[in-house]
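Participant: Okay, structure incoming, though there's no sequence with it:
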């Protein structure tokens with residue numbers, strides 16, 4: 001413990017110029033910052049949020065390569081689950097869970113952009129498939145990447161693979177949750193069967209529709 005106090009004192013002196021940012025509390029040491037006075041570029045979660053906002057803006061404006069680049073930069077800031085290695089109480093656990101959910105959502109936003117880029121041959125469909133399958137290995141019951149995988153396989157000409165991806169999604173959702181896929185997955189399956197040209201359009205993986213439409 002005495003060594004820890006010595007290191008903390010040295011850290012305060014070298015990094016924080018003797019200021020009060022590193023404080024002691026019953027749980028250990030805590031970094032205390034005034035967010036009003038700290039440059040956003042010094043706080044990872046703010047940099048991540050700014051990059052995601054830039055990516056969404058580029059995506060809305062139709063600049064998909066720029067959106068993909070911003071999403072990729074944001075996601076490269078992560079080195080694993082949030083707050084790994086810290087002793088967690090209820091508040092810190094909830095914060096870590098929220099951060100991880102945010103990261104997963106942004107990753108799937110990036111998959112959407114990359115999927116739309118495959119329609120113009122500006123993104124490798126095979127690389128996207130590998131990333132989607134790796135993601136689904138960890139998050140089997142998330143329907144969005146199942147839809148993304150189905151469309152990507154179809155666009156690469158692997159109709160049978162796209163239908164197998166649908167069957168796999170249906171099986172895992174029934175086994176894990178006791179539920180059938182939602183209407184978007186069912187619509188995609190029917191669209192694949194009839195070779196619907198809409199499957200080449202941007203954003204089709206998030207479309208809702210009547211799976212029995214002719």
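Facilitator: Everything's here; your move. Note that the coordinates shown come from a computational prediction; the quantities given were computed from them, not determined experimentally.
Participant: Apart from its chain neighbours, what residue comes closest to the most centrally placed residue in the chain?
Facilitator: For the chain, the residue nearest the mean C-alpha position is residue 107 (2.2 Å; C-alpha atoms, centre = their mean). In space, and not counting its chain neighbours, residue 107 is closest to residue 75: 6.0 Å by C-beta to C-beta, 6 or more residues apart in numbering. For the C-beta atoms, the positions are set from N, CA and C on the backbone; glycine is no exception.
Participant: Same check on residue 100?
Facilitator: Closest to residue 100 by C-beta to C-beta, 6+ apart is residue 82, at 5.2 Å.
Participant: Going by contacts, tell me the helices and strands next to the longest helix belonging to the chain.
Facilitator: Ordering each helix of the chain by length in residues (DSSP state H) puts helix 90-118 first. Here helix 90-118 touches helix 44-60, helix 64-75, helix 125-138, helix 143-155, going by 3 or more C-beta pairs under 8 Å, 6 or more residues apart in numbering; DSSP states H and E.
Participant: Minimum distance to residue 113: which of those has it?
Facilitator: For residue 113, the closest of the helices and strands packed on helix 90-118 is helix 64-75, at 4.8 Å, according to C-beta to C-beta.
Participant: Name the residues of that closest one that come out as buried.
Facilitator: 64, 66, 67, 68, 69, 70, 71, 74, 75 (16 or more other C-beta atoms under 10 Å).
Participant: before we move on, what about stretch 76-87?
Facilitator: So for stretch 76-87, counting by 16+ other C-beta under 10 Å, buried means residue 82.
Participant: which other residues reach it?
Facilitator: 27, 28, 44, 47, 48, 51, 92, 95, 96, 99, 100, 103 (C-beta atoms under 8 Å, 6 or more residues apart in numbering).
Participant: one more time with 7 Å, if that's ok
Facilitator: 27, 44, 47, 48, 92, 96, 99, 100, 103 (C-beta atoms under 7 Å, 6 or more residues apart in numbering).
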